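*Asks:* sequence and computational prediction follow.
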Amino acid sequence: MTTANRLRNLRKEKGFTQIKMQHLTGIDQSDYSKIESGKRYYTFEQCKRIAVALGTSMDYLAGLTDEKEPYSRHKS
């Protein structure tokens with residue numbers, strides 16, 4: 001599964017629209033759409049914000065693990 005497919009599928013599993021993702025991440029909907037369709041890569045910071053919004057890990061979004069659950073996060 002491509003990273004774009006992982007992103008789209010997880011967003012839909014959560015019941016979020018691309019507009020909702022814009023509100024949660026601060027990424028413009030048109031940019032988010034391009035990321036989700038694979039026409040644009042996200043930055044490290046965008047990936048981090050998307051992972052937090054979707055309750056997953058950056059590793060899952062990158063295809064490095066099939067485990068959707070996020071790692072425990074350290075509060076700083």
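*Replies:* Cool, got the structure. Numbers count the residues shown, from 1 in each chain.
*Asks:* contact partners for the residue nearest to Ile27 when sequence neighbours are not counted?
*Replies:* For Ile27, ignoring the flanking residues on the chain, the nearest one in space by Cβ to Cβ, 6 or more residues apart in numbering is Gln46 at 5.6 Å. In this view, the C-beta of every residue, glycine as well, is placed from N, C-alpha and C. Listed by Cβ atoms under 8 Å, 6 or more residues apart in numbering, the contact set of Gln46 reads Thr25, Ile27, Ile35.
*Asks:* how near is the first one to Asp66?
*Replies:* When Cβ to Cβ, to the nearest Å is applied, the distance between Thr25 and Asp66 equals 23 Å.
*Asks:* tell me the centre residue of the protein?
*Replies:* Central residue of the chain (Cα atoms, centre = their mean): Ile50, 3.6 Å from the mean position.
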